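**Q** Quick one, what's the 3D model for this:
(one chain, ligands or ions: 1)
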Amino acid sequence: MFTKILVANRGEIAIRVMRAAKELGVKTVAVYSDVDKDAPHVQYADEAFPIGPAQSQLSYLHIPNIINAAVHTGAEAIHPGYGFLSENDHFARVCETWGLVFIGPPATAIQQMGIKAGARRLMEEAGVPVVPGTEGTVTDLEDAKQIAQKIGYPVLVKASFGGGGRGIRIVEDADGLADALERASREAQSAFGQGDVYLEKYLINPRHIEIQVLADKMGHVVTLGERESSLQRRRQKLLEEAPSSGMTPELRSAMSDAARRAALAVDYESAGTLEFLLDQSGAFYFMEMNTRVQVEHACTEVITGVDIVQEQIRIAQGLPLSITQEEVNFSGWSIECRINAEDPDKEFRPSPGQVTVWREPGGPWVRVDAAAQEGYTVQPYYDSLLAKVVTWGRDRDEAMRRMARALDEFRVEGVKTTIGMHQKLMTDEQFRRGDIHINFLAERFKGA
Ligand code: MV4
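**A** Next up is the predicted model:
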């Protein structure tokens, strides 16, 4: 085992990674920006090293400062968490150059999946269903028109370097195509420094279902079932669950097979997630692959008993997966609510400030991954996630009742949070029926 690893992140995920390391007997190094000197993740770590001023660009995203911290503290490996440098193939390579193990996939896999138009082609070649659309990027308006005509409107223009929903445009008819292509490309160029775009058929109210995979250096790939993450608002996921209420054993098996083929096609290692769209006819399509541990990984941990972060650390060391596919068992249901410091009365704008009261829920089958405490100041510089509340139940109904109880116990004062919105959701008839899709939350909470 490693003796010491550095966690290049902050907040709840930094603590989550350190907990995994601690159970494996591995020492941890936290890094912190000026405003995070006394943050919970710093207090949790065995040691801590400063990496610069508050702005992420100058600290948590500043590769030289992070490498310097690892070299100075004698860490052997770096776990990037999610966000920040987690899907930066250049960072993964720099780590290698310095003799540091990047706890994540090979740089080549990050890169291949990061180029969306290329990933589509790769997946198609690997026998993974993709949404009908262009083969590679669009360069010619006439070609684009022909393809759009063939697949049928509405179509989506997507940026090849986008992700998370940035650089996307819906086109209703042929008249809007030229303008959409030009705008999307310009937007992508300025946001990602790369203007390539491609076309896909626009699916109406699909569900968003993702498959968790683990892959080791020996070529073993294990799938841990699906999570449903349709409940999002403006590209921000708010609630996830596992399994999905829209799933059948046959569909799970088909999607898991596709996920396994996808991972093998890019020689994947570590934990990864295949994102699919499931349309109303029951057909599923590859959307993108997240080459990192995700916020909602906890849902899968709760119903499988597999510690996904520990597996990542083991895999990075060259150890085989601790479980085989046959040993993966699913038990019951899990729901995760993201508690963000956001104001529901102000269109969920971030609500930074000092937390004056903080009392976390507890009791049977309630997991709270958080990095706040009384007196903690929510910074405007970073993500607004304060805590994840994950409940387990023998079935979906029990998991939801338990979540309602847990949310009721949660006391946060000083900043506005999404707790109230989640409480409303727990009693929402349509949600309770599992009748959801990616536009459900926007429709349900119009303007609030
Ligand atoms: C789509 C789609 C419908 N049809 N692609 C949004 C995030 C980006 N990574 C891909 N996204 C979408 N791609 C086709 N062909 C709808 C979305 C989408 C979405 C997907 C998953 C979860 C939430 C979403 C919210 C709006 C749009």
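**Q** Might you list the low-confidence residue ranges for the chain?
**A** The model of the chain has pLDDT under 70 over residues 163-165, 447-448.
**Q** and it, which of its residues are near the ligand?
**A** 131, 156, 163-165, 168, 200-203, 208, 232, 277, 287-288, 438 (CB under 6 Å from any ligand atom). Heads up, the C-betas are built off the backbone N, CA and C, glycines and all.
**Q** One more pass at 5 Å, please.
**A** 131, 156, 165, 200, 202, 203, 208, 232, 438 (CB under 5 Å from any ligand atom).
**Q** next one: stretch 309-316 to chain centre, how far?
**A** Distance of stretch 309-316 from the chain centroid (CA atoms, centre = their mean, to the nearest Å) equals 17 Å.
**Q** what's the answer for stretch 313-330, then?
**A** With CA atoms, centre = their mean, you get 21 Å for stretch 313-330.
**Q** Can you give me the end-to-end span of that stretch?
**A** End-to-end distance for stretch 313-330: 23 Å, by CA to CA, to the nearest Å.
**Q** buried sites along that stretch?
**A** Within stretch 313-330, the residues that count as buried by 16 or more other CB atoms under 10 Å are 313, 314, 315, 316, 317, 321, 323, 328.
**Q** repeat for stretch 386-394
**A** Those would be 386, 387, 388, 389, 390, 391, 392, 393, for stretch 386-394 by 16+ other CB under 10 Å.
**Q** And the first one, which helix or strand is it part of?
**A** Under the criterion DSSP states H and E, the helix or strand holding residue 386 is strand 385-393.
**Q** Nearest to the ligand among the buried residues of stretch 386-394?
**A** residue 388 (18.2 Å; CB to the nearest ligand atom).
**Q** circling back to that earlier point, strands paired with the strand holding residue 386, and their directions?
**A** Strand pairing for strand 385-393, using DSSP bridges, gives strand 333-340 (antiparallel), strand 366-370 (antiparallel).
**Q** Grab the most central residue of this structure for me.
**A** With distances taken as CA atoms, centre = their mean, residue 294 lies nearest the centre of the chain, 3.5 Å away.
**Q** residues in contact with that residue?
**A** By CB atoms under 8 Å, 6 or more residues apart in numbering, the contact set of residue 294 is 82, 210, 273.
**Q** On the three-state scheme, it is what?
**A** coil (DSSP: H, G, I helix; E, B strand; the rest coil).
**Q** quick one: the residue lying farthest from the centre of the chain and residue 325, what's the gap?
**A** Distance from the centre of the chain peaks at residue 142, with 36.2 Å (CA atoms, centre = their mean). Separation of residue 142 from residue 325 (CB to CB, to the nearest Å) stands at 47 Å.
**Q** Check residue 266 too.
**A** 19 Å.
**Q** got it, and residue 67?
**A** Residue 67 is 37 Å from residue 325, by CB to CB.
**Q** per-domain residue ranges of the protein.
**A** Listed by automatic domain parsing, the domain ranges of the chain are 4-103, 132-201, 207-444.
**Q** where exactly do the strands run in the stretch 301-448 of the chain?
**A** Remark: strands assigned in the stretch 301-448 of the chain by DSSP state E, counting those that start in this stretch are 333-340, 342-343, 349-350, 353-354, 357-359, 366-370, 377-378, 385-393, 411-413.
**Q** Among these, show me which one is buried the most.
**A** strand 333-340 (a mean of 25; mean count of other CB atoms under 10 Å).
**Q** what about the longest strand in this protein?
**A** strand 221-233 (DSSP state E).
**Q** Now do the helix or strand following it: which elements does it pack against?
**A** The helix or strand immediately downstream of strand 221-233 is strand 236-242, counting by DSSP H and E. Judged by 3 or more CB pairs under 8 Å, 6 or more residues apart in numbering; DSSP states H and E, strand 236-242 is in contact with strand 221-233, helix 297-304, strand 333-340, helix 419-426.
**Q** Now do the longest one: which elements does it pack against?
**A** Put plainly, it is strand 221-233. Looks like strand 221-233 contacts strand 207-215, strand 236-242, helix 249-265, helix 297-304, helix 440-444 (3+ CB pairs under 8 Å, 6+ apart).
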